[in-house]
Structure formats: C-alpha cells, structure tokens
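Novice: Sequence first, predicted model second:
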Amino acid sequence: MSKFNHSVKVPTQYRATAKILRTALEKQKSIKSLIFEERHARVRSLQAVLKHYSDNRGAVDQAIEDTGLLTENPNLDPSLAKVLVTELIFGRKQLNGESKPVQTVRRFKEKLQQALTGALTKEEVFKPRYVRINTNLLSIADALEYLASEQWRRKELPADASYPDFLAAIKSLEEDEFMTDINVASVLIFHPKTAYYWASQDFVRSKKFILQSKGTCLAAELLDPPPGSTVLDMCAAPGMKTVHLCNVMENKGRIYAVEQSGDRYKTLCNITDAAGCKIVTPILGDALTMDSNSCPDVEYILVDPSCSGNGMQNRISVVDEQKDDDRLFKLAGLQAKILSHAMRAFPNVKRIAYCTCSLWQEENEKVVQFCLQVNPSFKLLSGKKALRNKWQSVGDSEIANIGKKCLYCRPDSDLTDGIFLALFEKRREGDED
Ligand SMILES: C[S@@+](CC[C@H](N)C(=O)[O-])C[C@H]1O[C@@H](n2cnc3c(N)ncnc32)[C@H](O)[C@@H]1O
C-alpha cells in the first residue's frame with residue numbers, strides 16, 4: 001500500500017505557480033503578463049518563486065536531472081517539480097502540506113542540495129538593496145539619524161577609498177550594516193537579504209525612501225541640473241528619475257516631464273505628487289513634438305527612451321533571451337530620433353544625458369555615434385571624469401572618441417542593474433574635443 005494519502009491536495013499557490021511556469025515554457029510567453037492574468041491572491045509569493053527559478057534555472061533543471069527526481073517519479077509534473085525544488089532550495093526553504101508531490105520533493109532535499117553544491121547560480125552575484133533618500137521629504141542627515149535609531153550600523157570608508165575598495169566593502173556588508181554610495185550621496189546600500197524588509201518598510205511606503213537601483217541614479221547625478229534651472233525629462237514615466245532630478249535641483253526651478261502613454265502618465269503624476277515634487281509639469285504627449293514653445297527655456301535634458309531592457313536584473317525570464325536584431329534596429333532608430341530631437345529643438349540647452357537599461361551596443365554607443373555625427377554642435381563628456389574617476393566600466397574602446405567616454409554599469413562588476421549612460425554638452429564657439 002502506498003504511504004501517501006492521495007487525497008491531500010497540492011496547495012493552490014504551488015499549483016498556480018506551476019501553471020504559469022508550464023505556460024511560459026511551452027508557449028514561450030512572458031512570465032510578467034501571465035502573472036498579471038493570474039487572479040490568485042498571493043501574486044507576490046508566485047512572483048518570488050518564479051524570480052528564484054528564473055535566476056537559477058540552469059542549476060535547478062540540472063539538479064532535477066542529476067538526482068533522477070522525475071525519472072524515479074514519472075507521475076510528478078515537471079513544472080510543479082521545478083517550483084517545489086526552487087521553493088525548497090532557493091525560496092522559503094520549506095514546503096507546505098503533505099501532498100504526494102511535496103513529500104516526494106522533500107525526500108530528495110539532501111540529494112538536490114548535494115547536486116547543487118558548486119553549481120553556478122545567478123544568485124551568487126551579490127545584489128545589494130539600494131535605497132535612495134528622497135530629499136524632497138527627508139534630508140540625508142535626518143535619514144542617517146533615523147537609521148541609527150533603528151539600530152542600523154553605518155559602515156564608513158576612508159575618504160580616499162578607491163572604487164574597488166568600495167565594491168569590496170559592499171560585498172562584505174553584514175546584514176545589519178549599511179553604507180552610503182561613493183557616487184550618489186543620497187543612495188544607501190544594504191545587504192541583499194534585507195530586500196524583503198525594505199519592500200514594505202514605512203519610509204518606503206511614504207516615499208521618504210525610494211527603492212531604486214544605483215545604476216539608474218547615475219543619470220540625474222551626471223546631468224546635474226543646478227537648483228533653479230529648467231529641465232526636460234523626455235521619457236519620464238514612471239518617474240523615478242524625475243523625482244531624483246527634483247532632488248538634485250532641491251525642488252527649485254522647473255521640470256517638464258513628458259510621457260506618451262496614458263496609463264504611465266497617470267503613474268508619473270501619482271509618483272511625483274506622492275514624492276513631494278513641487279516643480280514638475282507633467283505633459284501627456286510625444287517627446288518628438290515638444291519644442292521651445294511647449295517647453296520654453298530648457299537648459300538640461302534627460303533622454304531615457306524605451307529600450308530592450310536586457311540590463312535589468314529583476315526581469316523574470318524562463319526562456320533564453322536571444323538577441324533580436326530586428327527589434328534592436330527599430331529601438332535604436334527611435335532612440336536616435338529622440339536624442340537627435342533633444343539636440344535640435346531646444347536652443348538654450350546646455351547638457352543632455354542619455355541612458356538605457358540595455359547592454360547592447362546598438363542601443364548605446366552606436367546611437368551616441370550616430371547622433372554626434374548628425375549633430376556636430378554637441379560633444380561627448382567623459383562620464384568617468386564626471387564621477388571623479390570613481391568608476392571602472394566604460395564603453396567599447398574600439399569606437400574611437402566615444403566608447404571610453406560612455407559609462408556602463410555591469411551587474412557582475414558594479415553590483416547594480418545593467419545601465420548605459422552618455423553625457424553631452426553643447427559646444428561653445430571655438431570649443432575643441
Ligand atoms: C525607460 S522608460 C523611462 C523610465 C523613467 N525615466 C524613470 O526613470 O522612471 C521609457 C518611457 O518612455 C516613454 N516613451 C517612449 N517613447 C516616447 C516618446 N516619443 N514620447 C514620450 N514618451 C515616450 C515610454 O512610454 C516609457 O514610459
């Protein structure tokens with residue numbers, strides 16, 4: 001007689017997660033849209049397991065094969081097995097209930113752990129939790145005082161610490177420690193294990209703290225519009241960089257924040273409002289139709305257009321993302337069009353920052369190269385210099401006069417999302433490179 005009680009059902013959250021994974025794998029569909037369609041109440045827990053699977057897919061699949069979990073248990077659904085193994089090894093590290101699949105996977109726990117020892121998992125890349133202080137609502141000094149009162153220990157580096165010293169210090173952060181960022185003063189860095197804590201923390205809810213990956217904070221830092229200036233944020237929603245620009249400008253001056261999607265425009269309005277931005281004028285429209293009549297006196301422009309997004313670390317993907325040349329060609333065309341428009345339509349512009357969350361040259365150095373060729377009145381500034389040389393990853397040096405001046409944030413080496421940044425300045429008469 002079987003020792004399993006077959007009437008014990010697999011908990012709904014495991015079944016719902018396995019269903020999403022099965023559909024994503026069979027139909028090569030996006031997990032994000034499948035989760036969106038799923039009406040299961042515990043979407044967050046579904047998301048967490050699928051994210052762990054997406055990060056450790058190779059290792060989980062290999063461990064299932066090496067341990068014979070499916071061959072020895074032919075009735076076990078493969079997608080459910082992946083979900084249960086992921087939850088047991090990478091997720092909550094325990095499984096609910098006494099259903100047969102749950103008991104089977106539990107029985108294999110030791111073998112699975114052995115098979116996974118030494119396997120290269122993506123989660124081994126140290127992913128700190130970055131928390132940015134929204135200085136519209138809370139000063140840096142008050143934020144540090146608050147953290148001390150909450151028993152967080154500040155880890156400080158000597159003033160002459162190099163960028164490699166800084167990265168090494170992040171990697172050895174204790175779970176109750178934090179550091180301030182070497183490039184962006186309002187960015188705080190916490191241990192990866194605090195990510196769930198910060199997701200629902202009070203100051204995050206009230207927008208005094210903003211959860212924003214460090215790489216995406218470099219755009220406003222590089223553009224550096226002074227308080228009182230006039231800024232155009234050409235592709236603004238959801239508004240993370242708009243809020244940061246507002247902080248850099250000490251909430252003084254004016255920011256035209258343009259967004260063409262109606263839904264995303266509403267989000268932009270809500271976020272900038274909740275974040276205490278007093279100088280943002282949101283505009284629902286196409287950035288390509290903006291000019292010095294609709295947005296007068298623009299001096300600084302941020303161009304953060306739609307891109308392939310392949311640098312984003314929080315993407316949940318269970319199918320190998322191939323380079324799609326046709327899509328990149330179309331995206332690069334739009335990116336170049338928007339950046340070129342920024343260079344042409346605003347006579348008072350002084351500096352422009354361009355950024356993408358892509359690691360493909362087609363959307364990055366190539367767009368920069370094209371726009372400089374057709375807009376010779378602009379020159380490229382050294383991003384590394386703008387960060388006081390406290391940076392390492394730059395663009396492709398083969399692209400002469402361009403690559404080395406552009407910045408990359410590379411997840412493995414810079415411990416943040418994959419981001420590309422370029423900073424342009426309008427030439428003054430007689431200006432050399
Ligand atoms: C990468 S996101 C911007 C993220 C935003 N800067 C932030 O930090 O939160 C790109 C945004 O640009 C918008 N967009 C794309 N093309 C546009 C255009 N021609 N005019 C205005 N908005 C555009 C997209 O709808 C999308 O919301």
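Specialist: Arrived safely.
Novice: Which element, helix or strand, includes whichever residue of the stretch 101-250 of the chain sits closest to the ligand?
Specialist: Closest contact between the stretch 101-250 of the chain and the ligand, by C-beta to the nearest ligand atom, is at residue 235 (3.0 Å). The way it works is simple: take the backbone N, C-alpha and C, and place the C-beta from them, glycine included. Using DSSP states H and E, residue 235 is not contained in any helix or strand.
Novice: List the residues that contact it.
Specialist: Counting by C-beta atoms under 8 Å, 6 or more residues apart in numbering, residue 235 touches 258-259, 287, 303-306, 338.
Novice: Could you tell me which of those residues belong to helices?
Specialist: Using DSSP state H, the members of these that fall in helices are residue 338.
Novice: Would you show me how to pick out the buried ones of the contacts of residue 235 in PyMOL?
Specialist: Buried subset of the contacts of residue 235, written as a PyMOL selection, criterion 16 or more other C-beta atoms under 10 Å:
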select buried, resi 258+259+287+303+304+305+338
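Novice: Just list whatever residues bridge to the nearest residue to residue 297 once chain neighbours are set aside.
Specialist: Excluding the flanking residues, the one nearest residue 297 by C-beta to C-beta, 6 or more residues apart in numbering is residue 230, at 4.6 Å. Under the criterion DSSP bridges, residue 230 forms beta bridges with residue 254.
Novice: And the pLDDT for residue 230?
Specialist: Note on residue 230: pLDDT of 98.
Novice: I'd assumed residue 408 was in contact with residue 416.
Specialist: No. Counting by C-beta atoms under 8 Å, residue 416 stays clear of residue 408, with 10.5 Å between them.
Novice: pull the helix or strand with minimum mean pLDDT from this protein.
Specialist: helix 31-37 (a mean of 69; mean pLDDT, DSSP states H and E).
Novice: Beyond that one, next helix or strand please.
Specialist: helix 43-67.
Novice: Give the buried residues for that following helix.
Specialist: Buried, per 16+ other C-beta under 10 Å, within helix 43-67: 45-57, 59-60, 63-64, 67.
Novice: got it, and stretch 339-353?
Specialist: Neighbour counts using 16+ other C-beta under 10 Å place 339-343, 345-346, 349-353 of stretch 339-353 among the buried residues.
Novice: and if you look at stretch 403-415?
Specialist: Neighbour-count burial for stretch 403-415, counted by 16+ other C-beta under 10 Å, picks out 403-411, 414-415.
Novice: Also stretch 267-275?
Specialist: Of all the residues in stretch 267-275, those buried under the rule 16+ other C-beta under 10 Å are 268-269, 271-272, 275.
Novice: what's the answer for stretch 379-399, then?
Specialist: Going by neighbour count (16+ other C-beta under 10 Å), the buried part of stretch 379-399 is 379-381, 383-384, 386-387, 391, 393-395, 399.
Novice: for the residues you listed, which one is nearest the ligand?
Specialist: For these, the residue nearest the ligand by C-beta to the nearest ligand atom is residue 383; the value is 17.6 Å.
Novice: rewinding a little: so the residue nearest to residue 297 sits right up against residue 254, yeah?
Specialist: Yes. Contact criterion C-beta under 8 Å: residue 230 and residue 254 qualify, at 4.9 Å.
Novice: In terms of neighbours, single out the busier of those two.
Specialist: With neighbours defined as other C-beta atoms under 10 Å, residue 230 and residue 254 compare such that residue 230 has more, 21 against 18.
Novice: Can you give me the distance of the more buried one to residue 290?
Specialist: For residue 230, the distance to residue 290 equals 13 Å [C-beta to C-beta, to the nearest Å].
Novice: where do the contact lists of the two overlap?
Specialist: residue 256.
Novice: okay, stretch 257-266 in PDB with CA atoms only?
Specialist: Coordinates of each C-alpha in stretch 257-266 appear next as PDB, following Å, rounded to 0.1, in the frame of the first residue of the first chain:
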ATOM      1  CA  ALA A 257       8.100  65.600 -17.600                       C
ATOM      2  CA  VAL A 258       6.800  64.200 -20.900                       C
ATOM      3  CA  GLU A 259       5.200  60.700 -21.300                       C
ATOM      4  CA  GLN A 260       3.300  59.400 -24.200                       C
ATOM      5  CA  SER A 261       1.400  56.500 -22.700                       C
ATOM      6  CA  GLY A 262      -1.800  57.500 -20.900                       C
ATOM      7  CA  ASP A 263      -1.600  54.800 -18.200                       C
ATOM      8  CA  ARG A 264       2.100  55.500 -17.500                       C
ATOM      9  CA  TYR A 265       1.400  59.300 -17.500                       C
ATOM     10  CA  LYS A 266      -1.100  58.700 -14.600                       C
END
